[in-house]
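Colleague: Provided below are the primary sequence and the corresponding predicted coordinates.
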Amino acid sequence: MANLATKIASLKLDNPTILASGLMDEDAGSMKRIIDCGAGAVVTKSIGLKSRDGYPNPTVIELETGFLNAMGLPNPGIKDFEEEVKKIKQSNCVLIGSVFGSNSKEFLELGSEMQSFGADALELNMSCPHAKGYGVEIGSDSKLVKEITSCVKDSIDIPVFVKLSSNVTDIKKIAMAAEKGNADGIVAINTVKAMKIDIDIKAPILANRYGGYSGKAIKPIGVRCVFEIAESLDIPIIGVGGITTGEDALEYVMAGASAVQIGTGIYYREIDIFNKVCQEMNMWMNDNNIKKISELIGVAHK
Ligand SMILES: Cc1cc2nc3c(=O)[nH]c(=O)nc-3n(C[C@H](O)[C@H](O)[C@H](O)COP(=O)(O)O)c2cc1C
């Protein structure tokens with residue numbers, strides 16, 4: 001058996017698969033099921049200061065090679081999420097708390113709460129492609145990315161990861177701003193801004209018109225982003241976007257990721273996808289005489 005254990009900053013994971021934010025992570029029960037299916041860690045749904053209903057339906061549609069969603073960051077608000085974090089932490093899993101805000105003060109308040117509830121690390125969502133005043137509107141401004149990251153880092157002890165979008169002119173520049181703000185790691189990528197038109201009603205299908213594309217179709221975009229970021233940064237990268245198989249995960253690792261997140265893939269291979277991806281990585285590593293996953297991180301750059 002190859003050794004799949006990995007490290008992202010001070011966070012130690014038994015294997016590199018992590019549940020991506022926004023899927024099966026609204027309550028402790030579903031996150032526990034994911035952990036029981038082999039995930040090395042879970043990320044919570046992105047949580048804001050106040051509860052939000054999100055956008056009206058339709059919010060999610062299936063396309064040929066993935067999903068298009070514009071959920072609108074629905075969440076119960078940080079105070080009402082405390083119990084879920086505490087409950088899931090009883091199972092001793094590695095929990096990454098995802099938060100979204102519109103400025104440094106909000107991100108800091110949310111980060112402090114997540115830390116006090118017991119989260120092992122923070123993921124700052126600066127990359128949602130369709131929520132006005134949040135997400136990529138912040139994550140495309142390198143000055144803001146640095147300012148928010150350093151403000152959170154100055155007061156938070158747990159590792160802080162910054163989740164970025166491919167919908168920016170230069171993802172390397174944004175990642176470097178996060179690193180200058182002392183981020184402990186980068187998560188790339190969020191969904192890709194997209195649209196589907198219903199030709200019968202002659203209008204975009206999603207109520208929000210624009211959405212974020214996820215699943216297999218975005219994997220080459222995610223791999224490219226991770227590769228570019230790895231060329232210029234020293235901090236660890238978590239790769240996400242379209243991972244469905246062990247081979248997909250290995251591509252991200254070879255591009256420079258120390259761990260990977262899986263979201264939409266759950267729909268195609270069910271909740272057991274975390275075990276399956278680990279088994280497939282293991283098999284490939286055994287066949288290729290690779291003993292440890294760390295031997296493969298970034299090898300595609302040589
Ligand atoms: C229905 C849905 C909801 C999502 N919600 C969030 C969210 O709350 N916060 C976030 O950072 N990313 C969110 N994402 C993005 C995923 O975490 C991930 O970055 C993206 O889907 C690409 O990975 P995948 O192809 O494995 O799904 C969401 C994605 C989907 C499909």
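Modeller: Yep, it's here.
Colleague: from now on I want contacts and neighbour counts done on CA atoms only, so please keep to that.
Modeller: Fine.
Colleague: next, count neighbours for Asn289.
Modeller: 10 (other CA atoms under 10 Å).
Colleague: sorry, slip of the keys, the one I care about is Ile174.
Modeller: For Ile174, using other CA under 10 Å, the count is 24.
Colleague: what sits closest to it if chain neighbours are left out?
Modeller: Counting by CA to CA, 6 or more residues apart in numbering, the nearest residue to Ile174 once its immediate chain neighbours are dropped is Ser142, at 5.1 Å.
Colleague: can you verify my assumption that that neighbour contacts Lys173?
Modeller: Yes - look at Ser142 against Lys173 with CA atoms under 8 Å: they come within range, at 7.0 Å.
Colleague: picking that back up, what residues are up against the residue nearest to Ile174?
Modeller: Lys173, Ile174, Ala177, Ala178 (CA atoms under 8 Å, 6 or more residues apart in numbering).
Colleague: change it to 10 Å
Modeller: Ile148, Asp170, Ile171, Lys173, Ile174, Ala175, Met176, Ala177, Ala178 (CA atoms under 10 Å, 6 or more residues apart in numbering).
Colleague: JSON lines for those, including pLDDT, secondary structure and distance to the ligand?
Modeller: Converted to JSON lines, the contacts of Ser142 look like this (pLDDT from 0 to 100; DSSP: H, G, I helix; E, B strand; the rest coil; distance: CA to the nearest ligand atom, whole Å):
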{"residue": "Ile148", "pLDDT": "98", "secondary structure": "helix", "distance to the ligand": "16"}
{"residue": "Asp170", "pLDDT": "97", "secondary structure": "coil", "distance to the ligand": "18"}
{"residue": "Ile171", "pLDDT": "97", "secondary structure": "helix", "distance to the ligand": "15"}
{"residue": "Lys173", "pLDDT": "97", "secondary structure": "helix", "distance to the ligand": "19"}
{"residue": "Ile174", "pLDDT": "98", "secondary structure": "helix", "distance to the ligand": "16"}
{"residue": "Ala175", "pLDDT": "98", "secondary structure": "helix", "distance to the ligand": "16"}
{"residue": "Met176", "pLDDT": "98", "secondary structure": "helix", "distance to the ligand": "19"}
{"residue": "Ala177", "pLDDT": "98", "secondary structure": "helix", "distance to the ligand": "19"}
{"residue": "Ala178", "pLDDT": "98", "secondary structure": "helix", "distance to the ligand": "16"}
